[in-house]
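# Have a look; sequence and predicted model below, questions after that.
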Amino acid sequence: MKSIDLRCGDALDLFKEIDSNSIDVVIADPPYNLGKDYGNNHDLKGFDEYLDFSRLWLSEAKRVLKPEGTIYVFMGVRFISYLYDILDRDLEMFFNSWIVWHYTQGLGKTKGFSPRHDDILMFTKTNKHTFNLDNVRVPQKYYRARNNMRGANPGDVWKFSHVHYCNPNRQNHPTQKPEGLIERMILASSNEGGNILDPFSGSGTTLRVCQQTHRNAIGFELNPEYVEMTHARLREKFVGFDSVDPRMERVPNDLRKPEIRDEYLENHIHWFLNNHENALEVFKKAVKEKYGVEVNKKSDTTKQADLF
């Protein structure tokens, strides 16, 4: 079993306990400085104070990363350009991607356009970083022989639903992130047995994903109530991550040749829906409707459906 280590305290102090060049991935969802209530603290600093705080923890994040390591940083629109500047110019890290997390529900506006996305900066410590593309591919919309049957690059616009309050995995935290979103970062930028650090652990999503994907995880959290909440979450039975990219459930068109289709369907669940058993029925229904075959629940092989 991999190590899950959740520490209660201030991130700037706890970073000092982490060895340099020891972490594969840092996943950080720091306070956006918008005045949110995090129980025992409020997210509201002066502008310059917040940038100084950001510069300090980002410097520590760079220090603890391995040479092939990656950092993902969530940030709201007000400060994201400043964090980009810190990572790029001050810390001289290597820019990789500006990821947009698109969601379908959010705050409504009557004077202006309603926000429907968050931004995520992806930087690497050097230009020789870990990136496992095959682990995060998405199914092709149209199958072509020249395409990779294994799937396509997911791109830098990621669609995951919020963890809604009716979701059984919803925690009592104001900014809980979907597990499928964090899963993609971890699978792409680390290998099994790797070391992941979340300096603002919050509801414990990163630690939960590491627990299920065989990674070691360290989390920092200022609020002791969130620490206890996360421990309880880690003890819960796992029935699948609480979110999935809807493309993972789709079945490529043009799989009319049985030998190609059977090979593909035998692999789809392993490739795209591992850790997402709660999405299997959607996929199986789509297969039956499109091709008239069933994906056998026991062996994950296909058989002709009795449709006629």
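The structure has been received and is ready for your questions. Being a predicted model, the structure only gives us computed values, none of them experimental.
# May I ask you to name the longest strand in the protein?
strand 65-75 (DSSP state E).
# For the very next helix or strand once past it, buried residues please.
Per DSSP states H and E, the first helix or strand lying C-terminal to strand 65-75 is helix 80-85. Buried residues in helix 80-85, counting neighbours by 16 or more other Cβ atoms under 10 Å, are found at I80, L83, Y84. (C-beta placed from N, C-alpha, C; glycine too.)
# What is the nearest of those to I218?
Nearest to I218 out of the buried residues of helix 80-85 is L83 (Cβ to Cβ; 21.5 Å).
# Below-threshold pLDDT in the stretch 101-250 of the chain: ranges please.
106, 145-148, 163-176 (pLDDT under 70).
# what about 80?
Scanning the stretch 101-250 of the chain for pLDDT under 80 picks out 104-110, 143-149, 162-176.
# Outline the domain layout of this structure.
4-235, 251-304 (automatic domain parsing).
# out of those, nearest to D242?
Of the domains of the chain, the one closest to D242 (Cβ to Cβ) turns out to be domain 4-235, at 4.0 Å.
# Closest one of the buried residues of helix 80-85 to V100?
Closest to V100, out of all of the buried residues of helix 80-85 and judged by Cβ to Cβ, is I80, at 11.0 Å.
# hey, where'd the helices end up in the stretch 101-250 of the chain?
Under the criterion DSSP state H, counting those that start in this stretch, the stretch 101-250 of the chain contains helices at 179-189, 205-212, 224-235.
# Of those helices, flag the one that's most buried.
Mean neighbour count (mean count of other Cβ atoms under 10 Å) peaks for helix 205-212 among the helices of the stretch 101-250 of the chain, with a mean of 25.
# what are the bridge partners for I71, then?
V26, F123 (DSSP bridges).
# I'd say it and F94 touch.
No - between I71 and F94 there is no contact under Cβ atoms under 8 Å: 10.3 Å.
# can you list residues touching both of those two?
Counting by Cβ atoms under 8 Å, 6 or more residues apart in numbering, the common neighbours of I71 and F94 are F123, T124, K125.
# Reformat those residues as JSON lines; add neighbour count.
Shown next, in JSON lines, are the shared contacts of I71 and F94 (neighbours: other Cβ atoms under 10 Å):
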{"residue": "F123", "neighbour count": "26"}
{"residue": "T124", "neighbour count": "21"}
{"residue": "K125", "neighbour count": "24"}
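# Make a markdown table out of these and add distance to R208.
Listed next are the shared contacts of I71 and F94 as a markdown table, based on distance: Cβ to Cβ, whole Å:
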| residue | distance to R208 |
| --- | --- |
| F123 | 24 |
| T124 | 25 |
| K125 | 25 |
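# Excluding residues flanking it in the chain, which one is nearest T206?
Nearest residue to T206, sequence neighbours excluded (Cβ to Cβ, 6 or more residues apart in numbering): D198, at 3.9 Å.
# Report the contact partners of that neighbour.
Per Cβ under 8 Å, 6+ apart, neighbours of D198: V26, I27, A28, D29, T206, L207, A217, I218, G219, F220.
# Run through the residues that contact the closest residue in space to the fourth one that isn't next to it in sequence.
Of all residues not flanking D29 in the chain, F74 sits nearest, at 4.2 Å (Cβ to Cβ, 6+ apart). If a contact means Cβ under 8 Å, 6+ apart, then F74 has A28, D29, P30, D118, D119, I120, K177 as its contacts.
# what's the spacing between F74 and E228?
23 Å (Cβ to Cβ, to the nearest Å).
# go on, S97?
Remark: distance between S97 and E228 (Cβ to Cβ) = 35 Å.
# hmm, back to that, compile the buried residues of helix 80-85 into JSON lines and extend it with columns for pLDDT and distance to W271.
Listed next are those as JSON lines, based on pLDDT from 0 to 100; distance: Cβ to Cβ, whole Å:
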{"residue": "I80", "pLDDT": "93", "distance to W271": "33"}
{"residue": "L83", "pLDDT": "96", "distance to W271": "34"}
{"residue": "Y84", "pLDDT": "97", "distance to W271": "33"}
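# Closest one of the residues you listed to K66?
Among the buried residues of helix 80-85, and counting by Cβ to Cβ, the member closest to K66 is L83, at 21.2 Å.
# Report the contact partners of that closest one.
L83 touches S54, L58, V73, M75, L121, counting by Cβ under 8 Å, 6+ apart.
# let's see it at 6 Å
If you count contacts by Cβ atoms under 6 Å, 6 or more residues apart in numbering, L83 has them with S54, M75.
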